[in-house]
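In: What would the 3D arrangement of this be:
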Amino acid sequence: MRKLIVLIVAFVGLALSLKAQETAKSAETKPAESLPTIDQILGKYVRALGNKTAAEKLKTVYMKGSLEVPSAGLSGTTEVFSKAPNKQAVFSDLPGYGTVKSAFNGTEGWMEFPNEGIRIATGIQLAEMRRNADLLREYKLKEIYPKMKLLGKEKSGDREAYVLEATPTEGSVEKLYFETQTGLLIRVDGETDTPDGRLPSEHYLEDYKEVDGIQYPMTLRQNTPSYDVIIKISEVKHDVPIDDSKFEKPVSK
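Out: Next up, the predicted model:
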């Protein structure tokens with residue numbers, strides 16, 4: 001009986017060994033998955049965004065939604081005012097803390113915090129505000145990031161994405177995640193200015209919705225080692241009147 005058991009164990013071991021060799025051989029002979037080019041990834045993204053011709057004709061975009069900072073116990077509302085070609089203002093009202101404002105008027109960037117007054121943006125922060133204020137930013141990523149490298153395919157949550165390493169003219173390297181199925185941008189890893197200095201951050205773009213033929217992420221999440229921010233957009237309007245005063249630095253009192 002013992003000999004029989006030994007023989008069975010040896011046979012099973014041999015079978016498993018042969019099976020492993022067969023699997024390894026199969027893996028060796030299986031051709032590697034071909035990846036799309038950077039131009040193909042960006043081209044699919046532009047098509048996924050929707051009507052580029054309509055986007056190029058936009059004069060203004062207004063967004064409104066809720067904002068939450070769970071770690072600080074803060075929640076409130078936020079408004080985003082964008083005006084072609086490159087003006088943008090973000091006003092966030094947080095009861096118990098106050099109103100936080102930031103804007104770029106085409107040349108100058110500034111921020112205003114409760115009890116701290118106005119700060120003028122300089123260096124990398126100003127360059128980032130300039131890039132983000134471009135109303136057609138998403139349609140010209142290759143111009144904004146002159147140096148790009150395809151890193152491969154990774155999972156972000158439960159979704160697969162092609163990952164590009166993107167280097168802007170000014171500022172730090174970012175990683176852009178484009179979902180393989182839809183082609184949409186679903187995540188951006190980079191750095192963010194915080195009260196503790198520039199820290200690594202992850203930005204998630206979720207719940208895309210079509211407005212007048214153009215796709216917008218309606219949920220935006222930002223994760224940093226210091227805090228997380230969740231923004232849920234409830235309203236997007238095109239070509240509403242926006243006065244230039246929204247973007248101008250307040251006069252000091």
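In: Surely Glu191 is within a helix?
Out: No: counting by DSSP: H, G, I helix; E, B strand; the rest coil, Glu191 falls outside a helix, being strand.
In: Packing partners of the helix or strand that Met218 is a member of?
Out: Remark: Met218 resides in strand 214-223, with elements defined by DSSP states H and E. For strand 214-223, the contact count by 3 or more CB pairs under 8 Å, 6 or more residues apart in numbering; DSSP states H and E identifies helix 38-49, strand 197-211, strand 228-238 as packing neighbours. Where C-beta positions appear, they are placed from N, C-alpha and C, glycine not excepted.
In: and of those, who's closest to Leu141?
Out: Closest to Leu141 of the helices and strands packed on strand 214-223 is helix 38-49 (CB to CB; 5.9 Å).
In: Select, out of the helices and strands packed on strand 214-223, the one closest to Phe113.
Out: With respect to Phe113, and counting by CB to CB, the nearest of those is strand 228-238 at 15.0 Å.
In: Out of the helices and strands packed on strand 214-223, which gets nearest to Pro70?
Out: strand 228-238 (5.9 Å).
In: Distance-wise, check Ala121 relative to Trp110.
Out: Taking CB to CB, to the nearest Å as the measure, Ala121 falls 6 Å from Trp110.
In: Likewise for Lys237?
Out: 25 Å.
In: Between the two, which is the more surrounded one?
Out: The residue with the greater number of neighbours, taking Lys237 and Trp110 and applying other CB atoms under 10 Å, is Trp110; the counts read 20 against 12.
In: can you give me the strands in this protein?
Out: Using DSSP state E, the strands assigned to the chain run over residues 60-69, 74-83, 87-94, 98-104, 109-113, 117-120, 147-156, 159-167, 174-179, 185-194, 197-211, 214-223, 228-238.
In: Tell me the buried residues in the fifth one?
Out: Pointing back at strand 109-113 there. Of all the residues in strand 109-113, those buried under the rule 16 or more other CB atoms under 10 Å are 109-112.
In: do the longest one as well
Out: Taking 16+ other CB under 10 Å as the basis for neighbour counts, the residues of strand 197-211 that come out buried are 201-205, 208, 211.
In: Those into a markdown table, with extra columns for pLDDT and distance to Glu79?
Out: Supplementary listing: the buried residues of strand 197-211 in a markdown table, determined by pLDDT from 0 to 100; distance: CB to CB, whole Å:
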| residue | pLDDT | distance to Glu79 |
| --- | --- | --- |
| Ser201 | 94 | 22 |
| Glu202 | 97 | 24 |
| His203 | 97 | 19 |
| Tyr204 | 98 | 21 |
| Leu205 | 98 | 19 |
| Tyr208 | 98 | 20 |
| Val211 | 97 | 16 |
